[in-house]
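In: Fold the stuff below for me.
(one chain, ligands or ions: 2)
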Amino acid sequence: MWIWKCVSVCCLLWTVALCADPELEEEELRARTFLQHINGVRLEEYQRLANAEWNYQTNLTEPNKKHLLDTETVIAESLKKQWDEVIKFKWQGFRDNDIKRQFKMLSILGPAILSEEKFQRNSKLVSEMQELYSTAKVCDYKDSKKCDLALNPDLESIIRTSKDPEELKHIWVEWRKAVGQNVRQMYKEHIELDNESARLNNFTDTSEYWLSDYDTADIKDQIEMLWKQMKPLYLQIHAYVRHQMRKTYGDLVPEKGPIPAHLTGNMWAQSWEHFFDQSKPYPNKKSLSITEEMIKQNYDYLKIFKTAEEFFVSLNLTAMPPQFWEESMLQKPTDREVVCHASAMDFFDGKNFRIKQCTQVKEEDLFVAHHEMGHIEYFLQYAHQPAIYRGGANEGFHEAIGDVIALSVRTSKHLKKIGLASGEDDPESDLNNLYFNGLSKITFLPFAYVMDLWRWGVFSNDIPSQDYNCKWWKLVEDYQGIEPPLDRSEDDFDPASKYHIVANVPYIRYFVSYVIQFQFHRALCIKAGEYVPNDPSKPLHECDIYQSTEAGNVLGKMLQMGASRPWQDAMEVVTGQRNMDASGILDYFKPLQDWLEAENKKNGVFIGWEPSKRVCSSSRNDNKPSEE
Ligand code: X8Z
Ligand code: ZN
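Out: Numbering: from 1, shown residues only. Ligands and ions are numbered 1, 2, ... in the order given. As a prediction, the model looks like this:
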């Protein structure tokens, strides 16, 4: 009892002491007014920046690039001036936690800290790498005179559908030649500038700056721990897929070695759902062929996005505003070059929210549309917040929202509701479907981890530029159990074949998203009464939260918070948990994991992988003669 008394008396004294500092009180009052002013300035600046970015990315011309660079430079100058004012405040002593939080966020200046010349150089490098990536063209395998194949849709389509290993290898290699080798020098210079900016911001290097978004000191350890928890599941699906792949490709796929990247159905081997038809657990069961259904039913890009919107609205969330439909770029234009990689943009004016996506009528794009609309729904829900809070609770939250919705959409129950699937439900079809989801979600985890493990190494110089490519392949082999289709060398620069590397977008956000989206899914399904733990008639992977306003309300509450609270608070609103937790994804895939373990055991399949026979050398000339 006396302890409590002491605690409260001491607190009282402490508060009185703080209250008694009139200077600090006065400063806190001034801070409040200052924040209002900054908010107004930022909103206007972010609007200008969004417009310039949008105009460039949807029309890659020199004038648009110049306008973007000029806008970025002017705004960087203004941010620097604002920051000079921010750091004059003794905000660490403020009593109002909200004001303190805003100041804490504003006290990190970011890349604008560089000299104008270096800032401009860095922005130009990133724009030009992105442009090179977005406009690169490759020659066809069968018709070597046809040299206008673009990544989207041509190359991705060949990688997805061809089963000719030579054609696949050709496309895989040529894409890497077209982008990787051309940007290596630019990338190195960009990394140096990024690191200089991070150090001026008092971070040890850019990885520490990137991860500051999580405000969690041991974030790298947490990620590693999550990966260790999920790795046994990955090993099972990896072993099973390799075993099945040998039935299609024979000894091209080593029995105990890593899986060749070009055979996975994906340009970066980041998810393997396009190998589903050749590997499904119950081959005689007719599977959901959503793409076929979409084509049959005359789906177009509009119907795809309307379908996605309808789900959000069914949860009592907000519909897309009129400008969204008028101004978005939902198809690939034929009259100009654009950045096709899908994205969503907030124009910070409460009216303009747009998606750009080179949508095709296929299943994958239906889910990308949900993913992108999740970003827009977040923008809409936190639009009342000050500019500094208009972001996800952390970057992984922003990536997770649309995917959470898509987890419900991808159930056979929901696909039937919207007329994209028919037929019987039976345990075998159900397992096939869960396996499909495993090919898309489980296989992605080590890829996402490797993307940033590699960059963390580059930023800390554990991976010096002369080792860029070979160290990339070492990580890919160690974590993903994937190998290149032919020997590689430091004349190649394969990481740059992926958009987020050249566009300088951190990737661990997707790893985080793929963990927490299953925590959200589980919690929302319980709220919706669609998942009952330990009730086999309501498994987690068959839960559909469609039309559940209970689920929608709690999700909406979290989205409205934006970045105004620590991410743990936001997570607690939906899940009651305050930590990232792999048990969501493990619960979801438990029936698949059990099946894979039994199947692999029955077939005596080797789990894990022995070292790859592929070589990576310092230069192509060092390579032993290869089959290339
Ligand atoms: O880049 C994206 C989205 C835009 S934020 C289309 N994603 C990652 C990728 O394509 O590599 C979504 C999942 C992973
Ligand atoms: Zn996204």
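In: buried residues in stretch 319-334?
Out: 320, 324, 327-330, 332 (16 or more other CB atoms under 10 Å). Bear in mind the C-beta positions are built from the backbone N, C-alpha and C, glycine included.
In: Any part of it near ligand 1?
Out: No. Stretch 319-334 lies out of reach of ligand 1 by CB under 6 Å from any ligand atom, never closer than 13.6 Å.
In: Give me the distance between the two termini of that stretch.
Out: 29 Å (CA to CA, to the nearest Å).
In: Give me the pLDDT for residue 2.
Out: In this prediction, residue 2 carries a pLDDT score of 44.
In: And for residue 436?
Out: Looking at residue 436, its pLDDT is 97.
In: So which bits of the strand or helix carrying it are buried?
Out: In this assignment (DSSP states H and E), residue 436 forms part of helix 427-441. Judged by neighbour count (16+ other CB under 10 Å), helix 427-441 contains these buried residues: 429-441.
In: How far does it sit from its chain's centre?
Out: For helix 427-441, the separation from the chain centroid amounts to 22 Å (computed by CA atoms, centre = their mean, to the nearest Å).
In: Tell me the helices and strands packed up against it.
Out: Packing partners of helix 427-441 (3 or more CB pairs under 8 Å, 6 or more residues apart in numbering; DSSP states H and E): helix 219-249, helix 276-279, helix 412-417, helix 590-602.
In: Next, the angle from it to helix 219-249.
Out: Angle of helix 427-441 versus helix 219-249, following axes from the mean of the first three to the mean of the last three CA atoms, to 10 degrees, is 120 degrees.
In: And for helix 427-441, what's in contact with it?
Out: 237, 241, 271-273, 275-276, 279-282, 285-288, 407, 410-412, 423, 514, 541-542, 585, 589, 591-592, 595 (CB atoms under 8 Å, 6 or more residues apart in numbering).
In: Swap in 7 Å and give it another go.
Out: With CB atoms under 7 Å, 6 or more residues apart in numbering as the test, helix 427-441 has contacts from 237, 271-273, 275-276, 280-282, 285, 287-288, 410, 412, 514, 541-542, 589, 591-592, 595.
In: Contact partners for the closest residue to ligand 1 within the stretch 201-350 of the chain?
Out: Nearest to ligand 1, among the residues of the stretch 201-350 of the chain, is residue 342, at 4.0 Å (CB to the nearest ligand atom). The neighbours of residue 342, taking CB under 7 Å, 6+ apart as the test, are 356-357, 368, 372.
In: would TSV of these with secondary structure and distance to residue 78 be doable?
Out: Listed next are the contacts of residue 342 as TSV, based on DSSP: H, G, I helix; E, B strand; the rest coil; distance: CB to CB, whole Å:
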residue	secondary structure	distance to residue 78
356	strand	27
357	coil	31
368	helix	35
372	helix	30
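In: among those, which are in reach of ligand 1?
Out: Within those, those near ligand 1 by CB under 6 Å from any ligand atom are residue 368.
In: now, which of the contacts of residue 342 sits nearest ligand 1?
Out: Among these, and counting by CB to the nearest ligand atom, the member closest to ligand 1 is residue 368, at 5.5 Å.
In: State the number of residues packed around the closest one.
Out: Neighbourhood size, residue 368 [other CB atoms under 10 Å]: 21.
In: Pretty sure it sits against residue 357.
Out: Yes. Residue 368 is in contact with residue 357 according to CB atoms under 7 Å; the separation is 6.4 Å.
In: who touches the residue in the stretch 401-550 of the chain positioned nearest to ligand 1 in this structure?
Out: The nearest approach of the stretch 401-550 of the chain to ligand 1 comes at residue 510, 4.6 Å away (CB to the nearest ligand atom). Each residue near residue 510 by CB under 7 Å, 6+ apart is listed here: 399, 448.
In: looking at this, it is in a helix?
Out: Yes. Assignment of residue 510 by DSSP: H, G, I helix; E, B strand; the rest coil places it within a helix.
In: who in this protein is up against ligand 1?
Out: So the chain meets ligand 1 at 342-343, 368, 371, 510 (CB under 6 Å from any ligand atom).
In: so can I have JSON lines of these showing distance to residue 565 and pLDDT?
Out: Below are these laid out as JSON lines (distance: CB to CB, whole Å; pLDDT from 0 to 100):
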{"residue": "342", "distance to residue 565": "29", "pLDDT": "98"}
{"residue": "343", "distance to residue 565": "26", "pLDDT": "98"}
{"residue": "368", "distance to residue 565": "29", "pLDDT": "98"}
{"residue": "371", "distance to residue 565": "24", "pLDDT": "99"}
{"residue": "510", "distance to residue 565": "23", "pLDDT": "98"}
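In: Tell me the one of those nearest residue 307?
Out: The closest of those to residue 307 turns out to be residue 368 (CB to CB; 12.6 Å).
In: Which residue, other than its chain neighbours, is closest to that closest one?
Out: Computed as CB to CB, 6 or more residues apart in numbering, the closest residue to residue 368 that is not its neighbour in sequence is residue 342, at 5.3 Å.
In: So which residue is smack in the middle of this protein?
Out: By CA atoms, centre = their mean, the mean C-alpha position of the chain lies nearest to residue 510, the distance being 3.5 Å.
In: any idea how far residue 244 is from residue 478?
Out: To residue 244, residue 478 is 23 Å away according to CB to CB, to the nearest Å.
In: Run a quick neighbour tally on residue 33.
Out: Neighbours of residue 33 under the rule other CB under 10 Å: 9.
In: what about the helix or strand hosting it, average pLDDT?
Out: Remark: residue 33 resides in helix 22-57, with elements defined by DSSP H and E. In this model, helix 22-57 carries a mean pLDDT of 97.
In: Report the buried residues of the very next helix or strand once past that helix.
Out: As assigned by DSSP H and E, the chain's next helix or strand after helix 22-57 is helix 62-86. For helix 62-86, burial by neighbour count (16+ other CB under 10 Å) applies to 64-65, 68-69, 71-73, 75-76, 79, 82-83, 86.
In: quick check, nearest of these to residue 616?
Out: Comparing the buried residues of helix 62-86 against residue 616 with CB to CB picks out residue 65 as the nearest, at 34.6 Å.
In: Please tell me how far that closest one sits from residue 125.
Out: 12 Å.
In: Likewise for residue 280?
Out: 44 Å.
In: With mean pLDDT and mean neighbour count as extra columns, can I get the helices and strands packed on helix 427-441 in CSV?
Out: Shown next, in CSV, are these (pLDDT from 0 to 100; neighbours: other CB atoms under 10 Å):
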stretch, mean pLDDT, mean neighbour count
helix 219-249, 98, 18
helix 276-279, 97, 17
helix 412-417, 96, 17
helix 590-602, 98, 16
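In: JSON lines for the ones you listed, including distance to residue 257?
Out: Shown next, in JSON lines, are the helices and strands packed on helix 427-441 (distance: least, CB to CB, whole Å):
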{"stretch": "helix 219-249", "distance to residue 257": "8"}
{"stretch": "helix 276-279", "distance to residue 257": "18"}
{"stretch": "helix 412-417", "distance to residue 257": "35"}
{"stretch": "helix 590-602", "distance to residue 257": "16"}
